[in-house]
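> Would you be able to build a 3D model of this:
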Amino acid sequence: MICIADKDENGRVEEYQPFIIHSVGLQNLEVNGTANLSFAGDVRWATKEVIPDDFVSMTEILPSSVAGKSETIDLTAFNPFPVIDTTEFFILQKAVVNSYNTGEKLMVVSGEALLFNDVLAGDMLATYGQLNVTPVGPRLTIEKKIYTVNGYKIEDTLAFKPDEDIFLVTLLEITNTGNDISSNTLVDVFPGKFYETLGDSLPAGASLSGDHITLSVGALVPGEMKRVYLHFRLKQDIKDKTELMQLIASSEVSYEGTSIDASYRYQDDSPVTFGIHDFQLYAATSQVEGNRVLMQVSAVNRGLPATDIALRIYPVVGGGIAELPLAEIIVDSVGTYGEINLDGEYILPTSEEVEFIAIVDDGDITTEVFELNNQLRFKAGQSITGFEKNTDGNGEVLNAYPNPFMDELWIKYRLEKPALSLVISILDGNGKTVHKITGMPSEAGTHIMGWSATGLRTGLYMIVIQGKDQEGDIFRSEMKVLRH
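This next block holds a predicted model:
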């Protein structure tokens, strides 16, 4: 092989003549990432050595395709390679390290494979091993859990009565497990739609903003953990049939580095759930065809899975609930969001007005957070949704559950005004008073009390609440219940 080159006046070669001994045809470079890396599909190249900071100023782009955790870079533009004016080139790939691991070696590439064609040997493959990096910066994690229910720690037995206010405290633990100080740390917490944030109990640096809570946590040094307590109330006026166990739906964390100029943000979609039971009878439809009433009622499980759930429809004739249902279904198991539908048919009598009451019953196996929503009362030809209420013109509300009941009955009443006198009477089917309750709360608001029917026979009973308010006005409400 002969090389011709010019020499200077001292006989030294000024520049050797370049020539190519052997060329190949580059095809592609396949880079196999790990779960810690996401390729952005942006690949650039240059003929001079580059560093990551040069990426934004590089204008030469290589086509590539991303499939799963691998990126394949098309190198056919360099065919043959090398050539006189391109004997080497450098490639930069844009990718995101999506692991929160800091301070340790983190594998982001499991291997690389360069496919090329040699005119003598044919297709050939050159491989390279894994690539490890050490992420630098703060790393914040957030742990969320229910701390107390009505003042009792969640590890204890839950203490609440149906249809009463339930107050919950959640504990958030924000920890910096990285190797840099986090600054300007903000945590946005998005409560579930059925939970009211108690604004007067918010910690310092917290604020309500629309549908979420913003916590200003400040700075956390590596290894530091801060605890934040948030207070919620389970709303009582819930008519939506959506699952109501989701106390915190999601949270977002944003912060900045200190020794490095970088901003971070991530969303935590892991919810905080309040494991409770609740069935709602949310719809009843009926239509009259001659002397026949065709009806359908629907109930939904808004809480934990439950077993042996009964849905029944009773006729209410002359103000009295029949002892036997006109339609009934018992379901072995109902999961969260699960629905139960029941069809019924009734032949109308000629002389009496008829209503119907649908009741979903868990057989007192579980304690539901709401039981007033376990029944719906409707007339023939009527279609309704929501809760049954028994009210008079002054706004007093009387209700009882379960209905029908076995031995124990919960009586709920609401007073719009304080009462000077108040009494609840239980009457049997003949109108005889079998029990009288006095001395119960008489201030304005909603009150719940229990009553035991032990010793009384099965049948229809009337509950009557009556009293006098501070202005001297007399009020009275009544409703019928059935003891099995």
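> Point out where this structure drops to low pLDDT.
Applying pLDDT under 70 to the chain flags residues 1-5, 16-20, 99-104, 156-160, 237-243, 318-319, 364-365, 385-397.
> Which residue is most remote from the mean position of it?
Distance from the C-alpha centroid of the chain peaks at Glu9, with 83.5 Å (C-alpha atoms, centre = their mean).
> Please tell me how far that residue sits from Leu26.
Applying C-beta to C-beta, to the nearest Å, the value for Glu9 to Leu26 is 42 Å. (C-beta placed from N, C-alpha, C; glycine too.)
> Phi and psi next, for Asp163.
When quoted as degrees, to the nearest 10, the phi and psi of Asp163 stand at phi 70, psi 20.
> How many residues are close by it?
By other C-beta atoms under 10 Å, 19 other residues sit near Asp163.
> correct me, but it touches Glu371?
Yes. Judged on C-beta atoms under 8 Å, Asp163 makes contact with Glu371 at a distance of 6.1 Å.
> Now for the two: what residues contact both?
401, 410 (C-beta atoms under 8 Å, 6 or more residues apart in numbering).
> Hmm, Val293 is touching Ile313, no?
No. Using C-beta under 8 Å, Val293 is not in contact with Ile313, being 10.2 Å away.
> okay, the two: which has more neighbours?
Between Val293 and Ile313, Ile313 has the larger neighbour count (other C-beta under 10 Å), namely 26 against 21.
> wait, isn't the more buried one in contact with Ala322?
No. The criterion here is C-beta under 8 Å, and Ile313 misses it with Ala322 at 10.0 Å.
> what number of residues lie near the nearest residue to Glu355 once chain neighbours are set aside?
Using C-beta to C-beta, 6 or more residues apart in numbering and skipping the chain neighbours, the partner closest in space to Glu355 is Val316 (4.1 Å). As a burial measure, Val316 scores 17 neighbours (other C-beta under 10 Å).
> which helices and strands sit right next to the helix or strand harbouring Val316?
Applying DSSP states H and E as the criterion places Val316 in strand 306-317. Contact here means 3 or more C-beta pairs under 8 Å, 6 or more residues apart in numbering; DSSP states H and E; on that basis strand 306-317 packs against strand 279-289, strand 292-301, strand 327-334, strand 339-347, strand 354-361.
> can you do 10 Å?
strand 279-289, strand 292-301, strand 320-321, strand 327-334, strand 339-347, strand 354-361, strand 375-379 (3 or more C-beta pairs under 10 Å, 6 or more residues apart in numbering; DSSP states H and E).
> Sheet partners, orientation included, of the third one?
What it means is strand 320-321. Partner strands and pairing direction for strand 320-321 (DSSP bridges) are strand 306-317 (antiparallel).
> tell me the angle of the strand holding Val316 relative to strand 292-301?
Angle of strand 306-317 versus strand 292-301, following axes from the mean of the first three to the mean of the last three C-alpha atoms, to 10 degrees, is 150 degrees.
> Report the buried residues of strand 306-317.
For strand 306-317, a neighbour-count test (16 or more other C-beta atoms under 10 Å) marks 306, 309-316 as buried.
> With the flanking residues excluded, which residue is spatially nearest to the residue sitting nearest the centre point of the chain?
Averaging the C-alpha coordinates of the chain gives a centre point, and the residue nearest to it by C-alpha atoms, centre = their mean is Ala249 (3.7 Å). Excluding its sequence neighbours, the residue lying closest to Ala249 (C-beta to C-beta, 6+ apart) is Phe190, at 4.8 Å.
> mind listing what the one you found touches?
210-213, 246, 248-252, 267, 269, 271 (C-beta atoms under 10 Å, 6 or more residues apart in numbering).
> Equivalent analysis for Thr214, please.
Counting by C-beta under 10 Å, 6+ apart, Thr214 makes contact with 186-189, 202, 205-208, 252.
> From those residues, pick the one nearest Lys436.
Leu202 (45.9 Å; C-beta to C-beta).
> tally of neighbours for that closest one?
When neighbours are counted by other C-beta under 10 Å, Leu202 comes out with 18.
> Got the phi and psi for it?
According to degrees, to the nearest 10, Leu202 has phi -70, psi 140.
> how close does it get to Val187?
For Leu202 relative to Val187 (C-beta to C-beta), the value is 13 Å.
> The one helix or strand Ile411 maps to packs against which elements?
According to DSSP H and E, Ile411 maps onto strand 408-415. Contacts defined by 3+ C-beta pairs under 10 Å, 6+ apart place strand 408-415 against strand 397-401, strand 419-427, strand 445-452, strand 459-469, strand 474-483.
> Please identify the deepest-packed of those.
strand 397-401 (a mean of 21; mean count of other C-beta atoms under 10 Å).
> got a list of what Ile276 touches?
Counting by C-beta under 10 Å, 6+ apart, the residues that Ile276 touches are 149, 158, 160, 166, 234, 244-245, 247, 302-304, 366-370.
> Same check on Leu29?
Residues in contact with Leu29 (C-beta under 10 Å, 6+ apart) are 43, 62, 64, 71-75, 91, 93, 112-116, 126, 128.
> which residues does the nearest residue to it once chain neighbours are set aside bridge with?
Leaving aside its chain neighbours, Leu29 sits nearest to Ile73 (4.5 Å; criterion: C-beta to C-beta, 6+ apart). Note on Ile73: beta-bridge partners by DSSP bridges are Leu29, Ser64.
> I'd guessed the residue nearest to Glu355 sits against Gln375; true?
No. Using C-beta atoms under 10 Å as the test, Val316 is too far from Gln375 to be in contact (11.3 Å).
> rewinding a little: cross the contacts of Phe190 against strands and list the overlap.
212-213, 246, 248-252, 267 (DSSP state E).
> For those, could you give me CSV that also reports distance to Asn341?
Compiled in CSV, the ones in strands among the contacts of Phe190 are given as follows (distance: C-beta to C-beta, whole Å):
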residue, distance to Asn341
His212, 36
Ile213, 38
Gln246, 25
Ile248, 32
Ala249, 29
Ser250, 32
Ser251, 37
Glu252, 39
Gln267, 37
